[in-house]
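Peer 1: Fold the following, please.
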Amino acid sequence: MDDSEDPNDDEQYHLEITANDIADTVLLPGNPGRVETITEIWDQATVYGDHREFRTATGTYQETPISVTSTGIGGPSAAIAIEELARIGAETFIRVGSCGALSADVAVGDLIISSGAIRQEGTSAEYVRDDYPAVADYEVISALTAAAEQLGHDYHVGVTLSTDSFYPGQDRPGFNGYTAPGSGSLIEELKQLNVMNIEMEAATLLTIASLYQLRAGAICTVYANRETGEFQSGDDTKAAETATLGCHLLAEMDAAKRSAGVDQWHAGLSIESE
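Peer 2: A predicted model of the protein is given here:
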């Protein structure tokens, strides 16, 4: 292997960043354009990498160091970002994305926090057996929920479906009206299973994070409601605010654990947030 492609190099091959460029906690939007939406909320930020779909910036929010790396669309590029970020020291990952909701009770513009994900995508299957669960870290769920509550944003917590296809894989017609085998029943089946939403990266992130003993979760803005047919490419600010504050709360939770001499966050611990 050429030295420039060695995954153990200090500068990561795809992200083109080093350990000096990132914080321990990284937000993962798909769209590189969301990087600026996120960093505008922070106290300060500097862009350290911008290669292909991967744009990375690091800064602070209320004195908490945070990074953000865009991952592009889908599991394969998300897995590359997670792998390379983990290699240079990242330990906590929060996807900040968009999704389609499956219940009429969920409005376009609401936030959905994933408790776990159905692995309909293919990337996670290249890592582990099919019956391995994709589960969000409970500390991340707690922090995102608390952040949404503090900010007054409407949110929901539940199971997510992750797919590799935006069109037939999500029960939409393909080119010239093409329909995949089994099309037409997916949405109703998911509703019966109380699945909250559909997107394309959470299962990959949650699976890899569990395998590598990293901390991960996902929060998405609802762009579409598959029950009502409403669609609007929305404002990502609420998700960016919630994920950013969630990172700050996680840092406070970690400090509380260290102070108490325990390894796990639990309801008996308290934190003080600004």
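Peer 1: For the rest of this, base every contact and every neighbour count on C-alpha atoms.
Peer 2: Noted.
Peer 1: Below-threshold pLDDT in the stretch 1-150 of the chain: ranges please.
Peer 2: 1-8 (pLDDT under 70).
Peer 1: What segments of it are strands?
Peer 2: With strands called from DSSP state E, counting those that start in this stretch, the stretch 1-150 of the chain shows them at 25-29, 44-51, 54-61, 64-69, 92-101, 111-119, 134-135.
Peer 1: Let's have those in JSON lines, adding mean neighbour count and distance to Gly152.
Peer 2: Formatted as JSON lines, these follow (neighbours: other C-alpha atoms under 10 Å; distance: least, C-alpha to C-alpha, whole Å):
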{"stretch": "strand 25-29", "mean neighbour count": "29", "distance to Gly152": "21"}
{"stretch": "strand 44-51", "mean neighbour count": "16", "distance to Gly152": "24"}
{"stretch": "strand 54-61", "mean neighbour count": "23", "distance to Gly152": "19"}
{"stretch": "strand 64-69", "mean neighbour count": "26", "distance to Gly152": "21"}
{"stretch": "strand 92-101", "mean neighbour count": "27", "distance to Gly152": "18"}
{"stretch": "strand 111-119", "mean neighbour count": "26", "distance to Gly152": "11"}
{"stretch": "strand 134-135", "mean neighbour count": "22", "distance to Gly152": "26"}
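Peer 1: between these, which gets nearest to Ile141?
Peer 2: strand 111-119 (6.9 Å; C-alpha to C-alpha).
Peer 1: Tell me the strands beside the closest one, with direction?
Peer 2: strand 134-135 (antiparallel), strand 155-162 (parallel), strand 215-225 (antiparallel) (DSSP bridges).
Peer 1: Measure how the longest one sits relative to strand 92-101, angle-wise.
Peer 2: Angle between the axes of strand 215-225 and strand 92-101 is 20 degrees (criterion: axes from the mean of the first three to the mean of the last three C-alpha atoms, to 10 degrees).
Peer 1: Packing partners of the helix or strand following strand 215-225?
Peer 2: Toward the C-terminus, strand 215-225 is succeeded by helix 237-260 as the next helix or strand (DSSP states H and E). Under the contact definition 3 or more C-alpha pairs under 8 Å, 6 or more residues apart in numbering; DSSP states H and E, helix 237-260 sits against helix 33-39, strand 54-61, strand 64-69, strand 92-101, helix 138-151, strand 215-225.
Peer 1: give me that answer again for 10 Å
Peer 2: Under the contact criterion of 3 or more C-alpha pairs under 10 Å, 6 or more residues apart in numbering; DSSP states H and E, helix 237-260 touches strand 25-29, helix 33-39, strand 54-61, strand 64-69, strand 92-101, strand 111-119, helix 138-151, strand 215-225.
Peer 1: need the strands of the stretch 1-150 of the chain in JSON lines with distance to Arg172, can you?
Peer 2: Formatted as JSON lines, those follow (distance: least, C-alpha to C-alpha, whole Å):
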{"stretch": "strand 25-29", "distance to Arg172": "23"}
{"stretch": "strand 44-51", "distance to Arg172": "31"}
{"stretch": "strand 54-61", "distance to Arg172": "28"}
{"stretch": "strand 64-69", "distance to Arg172": "29"}
{"stretch": "strand 92-101", "distance to Arg172": "12"}
{"stretch": "strand 111-119", "distance to Arg172": "18"}
{"stretch": "strand 134-135", "distance to Arg172": "24"}
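Peer 1: Alright, that wraps it up for me.
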